[in-house]
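Engineer: A structural model of the following input is requested.
(3 chains)
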Amino acid sequence: MLSFQHGLNSSESETPLRNLEKPQPVAMSNDSTRLGLRQVSLGHRLWRGRWGLLFVAPFFLLFAVFSIYPILFSIWLSFHEWNGVPGRELAVGFENFRFALRDGLFWESMTNAALIFVLHLPLMLFLSLVLAVLLNQHFLKLQGLWRALIFLPHLTSMVAAGFTFRLILEKDSGFANAALGVLGISPIPWLDDVWWARISVALLLFWAWTGYQMVIFLSALQTIPPELNEAAMMDGANRIQIFWHITIPLLKPVIIFCFTVSVIGTFALYTETTILTGGGPIHATSTPTMEIFANAFLNLKYGYAAALSYIYFLIVVAATLIQLRFTNRGDS
Amino acid sequence: MNPSQSSIRKQNPMQHLVHGAIYVFIIAICIFTMFPFVWMFLSSLKPLSEIFGQGILPTNPSLDNFKRLFLETPALAALIRSFIIALTFTVFSVFFCALGGYGFAKFHFPGKSAMFAVMLGTMTIPFAVTLVPLFVMMRNVFHWIDTPWPLIVPGLANAFGIFFMRQYMVSVSDEMLDAARIDGASELQIFLRLVLPTTTPALASLGIIFFMGSWNNFLFPTIILRDPSNATLPVLIASLQGSAGRTPYDLIMAASVVSTIPMLIVFVLLQRYFYAGITAGSVKG
Amino acid sequence: MKPIHKLAAVALPIGLAAIIGVATQAQSGVKGEITIWAWGDPIKALKTVDDSFSKAFPNVTLKYVQKSPNDVNQGLKLAISAGSGAPDVLLIADSDLAQFVSLGGLTDVTTQTKPYLKRMNAYKWNAATLKGRVYSMPWDSGPVAMYYRRDVFQKAGVDINSIKTWDDYLKAAQIIKSKTGAKMLPLSKARNDSRFFETLLWQQGIGYTNKDGAVILDKDARAKVALDLLVKLFKDDLTADFESWTDPWYKTIAEGEIATLPMASWMGGFLKSWIAPKTVGQWGIVPLPTFSGSRARTSNDGGSHLAIPELSKNKEAAWAYIEYHLGRNESQLTMYKATDIFPSLESTYKDPMFNEPDAFFAGQKSRQIFAEAIKTVPNATVYTADYPEINGLMTLELQKMATGKQSAADALKNAANAIRERTRRK
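Structural biologist: Below you'll find the model as predicted:
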């Protein structure tokens, strides 16, 4: 609730697309609402809020049916064994969770996601930051073109991109090894070796997401007043010092945002790994979502898949919170 | 020769070098990002045997793969279906999100904070958690397997979209709304005639994100659209490799091109909304 | 009249199966449209019989829906759990069959198949049967032999007939490798799919589990013998490391970079039609080498059945279709000739067609070889109800072994334990 309140307040001062004045407090101030709480009956308050309720009602109806209910249903499922045939549900208590804790395949998939994350994110963050700073330089011509060309991969279907990468990285007849051959480098088993396959997945993610992060950084950079850099220059700082000591600290919230999106995104990988590597070789690029998918739709263990999905969810939430705590500590 | 002159003379070649290096670096990155597209396009013009050759340029470029794709597979139907689904989903979800975002931004009602908190909370829940129960619902309750509805209706309740629209709706001027009320406009009229038009850029940005998401969606459609004759484009592309015999990479490359081009067109036409939409999500920090 | 009507009303639901049997003869009663799910080559095969089927059953119309094996599998699972959307007839790979039998989505055809029990390859009924009831009709079998490249063997100066045992095979592999550079067979390491390992299990008359359902991988010495053969092949670099069913794999086969293919009868059809159509006359077939002590010079890989989903609304016509296509010599032989899908129906093997020389195999009577082989295929059960999961777990450990991460004994032990845990077997 606290963070939510914070979100409400901070977002009210932000008007990303339009530079309007700071909006007036809505209808009633917080204080008068609180006053109203004491004085007016619920029925009356509902009547007074009827328009707001009406406006959010379609959303909340759909939301209850297609989000809240499935989330609760999933909890129920996780305590059952079920092959999907109606009437064959079997209550098993905590058995699914107990088994999940020693399910090597599932934990391997968590490790795989973590490794793929480590393999692409640091380099990607750095490169997209550098690119954003460079594209923000005044001397650079055709800025819009460069930005578009670097951003384009983000629009592509990962099915199309996955197949394309698969063919380019093919060990014996792919272009990548042919190009390396010209440089005198022997063929790399891109998709047939445990580590190279993870690197290949990381490469695909790197390709697809660098432009996305760059665009975000670029728009954040444009909010930094140029006077700040000019003042630093006057004090004798060079551009690299400005990058490390001014730009990065100022962009910190956006960097944290990109980091968090990547953590969640990497653990939720499905399409990329399914198409590019099929989760192999030797399970090396299987991801939690693929494990959940396989258990539900191939092995017909719906309840177990639901249990896995909750464990996975809790771990990602924990990881995100730890990371936020960690980055916030650096602040103070 | 005064010192400042010398520094200028010294700086210029140096600066040229640095600028040149920056151009080279950026162009190298662009080559990296563009190469897979180029390779995909060129491969779609090659026969299967040549796709597995190591050259880049097709020896006899031909549109044969595209012809076969549309004649031998239900690619045309999939293309149309993908488009209809993405468009329907986008229009309705943007409308619902605008509606809800407006409700949260400009009105007070009991339970508002709690509702908003629950909504934000569910945004962190990964899709994998609702994958199985949603599938079971679609199958046993709604009987919507192999129909487009599961790809449209559940997504209409989009917490991110509500959150996104709320941010913009907050900035709509209250004086303007109050003036319209005094003029006797109903709340619905105000929303449709005043609020929606003034927030068009936000609607466009959100719409583009939704359209892109729907167009490229793969995981949920693969479990919903089981019959190839009901497939969307990404599902169809993936199902081509499951057919018996050699994997038809020639058709797969052609289909990949077909699925990429519409997004490119949308991007070229509506670039700035793309960037605005993508960026807005991060403003929260 | 009335009592007879009453009797019919009672008899109809109970004795539906028996009546269907009669209906096949009294063809006029069978009518309506039936939908058939199958994939590429089998559809081609089934259609070669449709003209004569339509003459026999003029009131039945056929609608084919082409789906990949995986889509048929997923589609049926979905239909079973949704209670609708199933076809009337569907083609099921043997490896998927037991799973559906145990899910309970297929029509009991015990009565209808009774006349064919003795006429089909006996082991084909294993995956189709649960608690004494039969749920599908066998179509084809996958007797295994060894395809070999005549040109490679000639160049290496190795006599193919000198290979009687797998030890001979290993020795020949060394010679062929040193003389021609060709590898003995294509077998992926990191992307191995366990099919060859399963072929070797089946050859020795075992599967992953025994009759009581207990896992025997780490208990039965024959499993170790099978895996040890792979170990030796990998250790001396006698294999071409390509993932099965990918373009590099086809290429290595077509270009004679491998000397042998220990695979099932259907592979001959694939070689001829699309994997290596230009290699006419360069291939030969011999029985599989044996492990010392085992007699069978063959094994089984794959095969399929036709079944009727419980949800079919026209089971009568569906069975008529299945029986006409699979239960008659003429039909099975027509389909075999068109696509090399080897009939499970044993009465077909006497047909003169089996003595025809095959130009692709340099005039060898290839069909005869498989007809001989099928007689000695051991009656083993590899394809259990949880086969997809078991195969996945074994594959993982085999891949680890092949890439040098563990020994054969550990691979078997780890696979066995993983299977026990996940499938709740002993």
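Engineer: report pLDDT for residue 19.
Structural biologist: By default, I'm working from chain A. With respect to pLDDT, A:Asn19 has a value of 36.
Engineer: actually it's chain B I care about, not the one you picked
Structural biologist: 91.
Engineer: my read: it touches A:Leu134, true?
Structural biologist: No. B:His19 is beyond contact range of A:Leu134, at 10.2 Å (criterion: CB atoms under 8 Å). Bear in mind the C-beta positions are built from the backbone N, C-alpha and C, glycine included.
Engineer: who's more crowded, these two?
Structural biologist: Neighbour count, other CB atoms under 10 Å in any protein chain shown: between B:His19 and A:Leu134, A:Leu134 has more, with 18 against 13.
Engineer: chain A against chain C: which residues are in contact?
Structural biologist: By CB under 8 Å from any CB of the partner chain, the residues of chain A that approach chain C are A:83-86, A:99, A:102, A:104-105, A:170-173, A:189, A:192-194, A:280-283, A:297-300.
Engineer: which ones, among those, also lie beside chain B?
Structural biologist: A:Gly84, A:Pro86, A:Glu170, A:Ser173, A:Phe297.
Engineer: show me the contacts for the closest residue to chain A within chain C.
Structural biologist: Closest contact between chain C and chain A, by CB to the nearest CB, is at C:Ala190 (3.5 Å). Applying CB atoms under 8 Å, 6 or more residues apart in numbering or on different chains, one finds that C:Ala190 lies in contact with A:Pro189, A:Asp192, A:Asp193, A:Val194, A:Gly280, A:Pro281, A:Ile282, C:Asp241, C:Gln399, C:Ala402, C:Thr403.
Engineer: where does the nearest residue to it once chain neighbours are set aside fall, phi/psi-wise?
Structural biologist: Closest residue to C:Ala190 apart from its sequence neighbours, by CB to CB, 6 or more residues apart in numbering or on different chains: A:Pro281 at 3.5 Å. Taking degrees, to the nearest 10, you get phi -80, psi 160 for the backbone angles of A:Pro281.
Engineer: equivalent analysis for the one 5 residues further on, please.
Structural biologist: Dihedral pair for A:Ser286: phi -70, psi 140, per degrees, to the nearest 10.
Engineer: contact partners of stretch A:179-194?
Structural biologist: Against stretch A:179-194 from outside (CB under 8 Å, 6+ apart): A:166, A:169-172, A:174, A:176-177, A:196-197, A:199-200, A:276-277, A:281-282, A:284, C:188-191, C:241, C:243, C:403.
Engineer: can you rerun that using 7 Å?
Structural biologist: A:166, A:169, A:171, A:176-177, A:196-197, A:200, A:277, A:281-282, A:284, C:190-191 (CB atoms under 7 Å, 6 or more residues apart in numbering or on different chains).
Engineer: can you check stretch A:215-225 too?
Structural biologist: A:128-129, A:132-133, A:135-136, A:147, A:151, A:250-251, A:254, A:258, B:275, B:278-279, B:282.
Engineer: need the max-distance pair from the residues you listed.
Structural biologist: Greatest spatial distance in these: A:Phe151 and A:Leu250, 22.2 Å, computed using CB to CB.
Engineer: the two - which one has more neighbours?
Structural biologist: A:Phe151 (22 against 16).
Engineer: show the backbone phi and psi for that one.
Structural biologist: phi -80, psi -30.
Engineer: reformat the contacts of C:Ala190 as a markdown table; add neighbour count.
Structural biologist: Shown next, in a markdown table, are those (neighbours: other CB atoms under 10 Å in any protein chain shown):
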| residue | neighbour count |
| --- | --- |
| A:Pro189 | 19 |
| A:Asp192 | 25 |
| A:Asp193 | 19 |
| A:Val194 | 21 |
| A:Gly280 | 20 |
| A:Pro281 | 26 |
| A:Ile282 | 26 |
| C:Asp241 | 22 |
| C:Gln399 | 24 |
| C:Ala402 | 25 |
| C:Thr403 | 17 |
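Engineer: take the residues you listed and keep only those in helices.
Structural biologist: Mapping the contacts of C:Ala190 onto helices (DSSP state H) picks out A:Val194, C:Gln399, C:Ala402.
Engineer: pick the one among those closest to B:Tyr102.
Structural biologist: Distances from B:Tyr102 to the ones in helices among the contacts of C:Ala190, taken by CB to CB, are shortest for A:Val194, at 51.5 Å.
Engineer: closest to chain B out of the ones in helices among the contacts of C:Ala190?
Structural biologist: Nearest to chain B out of the ones in helices among the contacts of C:Ala190 is C:Gln399 (CB to the nearest CB; 20.8 Å).
Engineer: residue contacts, the closest one?
Structural biologist: C:Gln399 makes contact with A:Pro281, A:Ile282, C:Lys189, C:Ala190, C:Asn192, according to CB under 7 Å, 6+ apart.
Engineer: SS state for the residue nearest to the spatial centre of chain B?
Structural biologist: For chain B, B:Met212 is the residue whose C-alpha lies nearest the centre (CA atoms, centre = their mean; 1.6 Å). Under DSSP: H, G, I helix; E, B strand; the rest coil, B:Met212 falls in the helix class.
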